[in-house]
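**Q** Provide a 3D model corresponding to the input given below.
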Amino acid sequence: MSFLDQLKQLFASPSPPASEPLDFSYSPEHTLTIPTLVVSYFPTTPDARIDRAITGDVDARLDTIRQHTRQTTTRALESLEQGSIYHGYKNPAAQPSLRYEIVDTLEFLEPLPTWRKRGHRVAMSDYNAIMQQIDIKEWVESRGVKEVWLWGYHGGVIDLWESNMAGPFGDISNSDRDPTDLPVLSKTYTVYHYNYGRGVSEAVEDHIHQIEAVLRYVDQRLFWDKFVGRTGEGRCGWAHYPPNAKHDYDWANSNYVWTDIEDWRPDGSGEKKRLNCHRWNCDSLTWFIYWMQNLPGANNALSYQDRSLSNWWTFIGDFDGAMAAGLKLANKVL
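**A** Predicted coordinates:
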C-alpha cells in the first residue's frame, strides 16, 4: 500500500461530530517544479554497518539505512506536494502548486565534513565543504537545482541547520543566517539537512520551518500575526503549535478550540469550527500536511485591505522570481 493510500485509509475512520473526516487528495498535475538533489553521507565500518562511533546514535546495516532514506525521501516528497494543494482535504479537484523532481542522488561512504564554529559545543556541519565536494555551482547554475536534501546524522555529536539558504537575495532560513556558510551563487538554493535516525515527520518539519521563515520575511504581519495568530487565539498556528496547543509539539492535544483554520480570511470573518487534534489524527505529519493545505494557494480568492492574496507557494517554488517581481503575500488589485 502506498503512503498516499495509507493516508486515505487513515482518514476513513470516524471523526468527532464537530469535524468532518479529512480526505487528502493527490493529483499528478503540478505548477511549480522544484529540481532537487539528494546527497547522503553514510560513514561505515568494515562490515558494512553505519559507524555509531561517528554518528553518535545510528547503528544499523548500511543497506537498511539506505532503504530508510530512500523511503523517507519518497514519503517526504509526496507529503510536500500534497501539502501544496489548497484545501485539498475538502476539494478533490484542487491541484498541487509544487512538484518535486529528484534530478540525482549522490552518496558518500564517509563522515560529514565538519568544522569548529564559534558558539557551538560540538562540531558544526561544514556546508561550504559539502557544497564544494558536490560542485553545487554546476547543479544550481547549470542544472537548475533549487533544493539539496542532505541526509546525515545528529546524535549529539554534530550540529546542523534544518534549513539553510544562499543566493542573491540573502539567507532566509531556519539557521543562524550566516551569509558565509554556503557558497553564494547567482540563483537561490536551499539545503535541508535530514537525520536518518528519524523519520518522515521530522524531514517534513524542516520544510515547515523554512516555509515559516520565508513567509514571515515577506510579510510578518499578514503571515505571522494574521495567519499563525497568537497562542490560544484560534487562528491557524504553526509547526509546533496547532490552534489548540498549550506548548511546543502539542500535536496530540484533545482539548477543543474554535478556529477559522479551514476558512481563514485575514480579517477573521471566516467560519469557525470546533476542532481538536482528532482533525489531524493527533499526528505530527498529518498536522503538517493539513496546515500546509490551509495556506493560501492557487485560486484562493482571498483579499486583505483591498489587495488580492497571491499563491503563497510561489515563494517556495520560485523564490528568485517572486523577489525579482516584487511579489507580496497580498498585492494591489489592478
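**Q** Trp150 reaches Met131, doesn't it?
**A** You called it Trp, but residue 150 is Leu. No. Using C-beta atoms under 8 Å, Leu150 makes no contact with Met131, being 9.8 Å away. All C-beta atoms are positioned from the backbone trio N, CA, C, and that covers glycine.
**Q** what's the overlap in contacts for these two?
**A** Here Leu150 and Met131 have Val191 as joint contacts, going by C-beta atoms under 8 Å, 6 or more residues apart in numbering.
**Q** where in this structure is pLDDT low?
**A** 1-30, 333-334 (pLDDT under 70).
**Q** What's the biggest helix in it, counting residues?
**A** Among the segments of the chain that qualify as a helix by DSSP state H, the longest is helix 62-83.
**Q** Buried residues, the helix or strand following that helix. List them.
**A** Downstream of helix 62-83, the next assigned helix or strand under DSSP states H and E is strand 98-108. Buried residues in strand 98-108, counted by 16 or more other C-beta atoms under 10 Å: 98-100, 108.
**Q** neighbouring strands for whatever helix or strand comes next after strand 98-108, and are they parallel or not?
**A** Where DSSP H and E defines the elements, the next helix or strand beyond strand 98-108 is strand 114-115. Sheet pairing for strand 114-115, assigned by DSSP bridges, gives strand 123-125 (antiparallel).
**Q** Could you list the residues in contact with the partner strand?
**A** In contact with strand 123-125 (C-beta under 8 Å, 6+ apart) are residues 112-117, 152, 157-161, 193.
**Q** how about the nearest residue to Phe108 once chain neighbours are set aside, phi and psi?
**A** Spatially, and ignoring its direct neighbours in sequence, Phe108 is nearest to Tyr41 (5.1 Å; C-beta to C-beta, 6 or more residues apart in numbering). Reported as degrees, to the nearest 10, the phi and psi values for Tyr41 are phi -120, psi 110.
**Q** about what we covered before: show me which of the contacts of strand 123-125 are buried.
**A** For those, buried by 16+ other C-beta under 10 Å: 112-114, 152, 157-161, 193.
**Q** Take these and keep only those in strands.
**A** 114, 152, 158-159, 193 (DSSP state E).
**Q** Show me where the stretch 201-334 of the chain has its strands.
**A** 257-259, 273-275, 303-304, 307-309, 330-332 (DSSP state E, counting those that start in this stretch).
**Q** which other helices and strands contact the last one?
**A** The one in question is strand 330-332. strand 307-309 (3 or more C-beta pairs under 8 Å, 6 or more residues apart in numbering; DSSP states H and E).
**Q** how many other residues sit next to Gly321?
**A** Applying other C-beta atoms under 10 Å, we find 13 other residues in the vicinity of Gly321.
**Q** quick one: contacts for it?
**A** Applying C-beta under 8 Å, 6+ apart, the residues near Gly321 are 314, 327.
**Q** before we move on, what about Ile172?
**A** Contacts of Ile172 (C-beta under 8 Å, 6+ apart): 165, 213-214, 217.
**Q** Between those, identify the one with the most neighbours.
**A** Met165 (23 neighbours).
**Q** What sits closest to that residue if chain neighbours are left out?
**A** Ser173 (4.1 Å).
**Q** Does the one you found touch Thr190 like I think?
**A** Yes. Applying C-beta under 8 Å, one finds Ser173 in contact with Thr190, separated by 6.6 Å.
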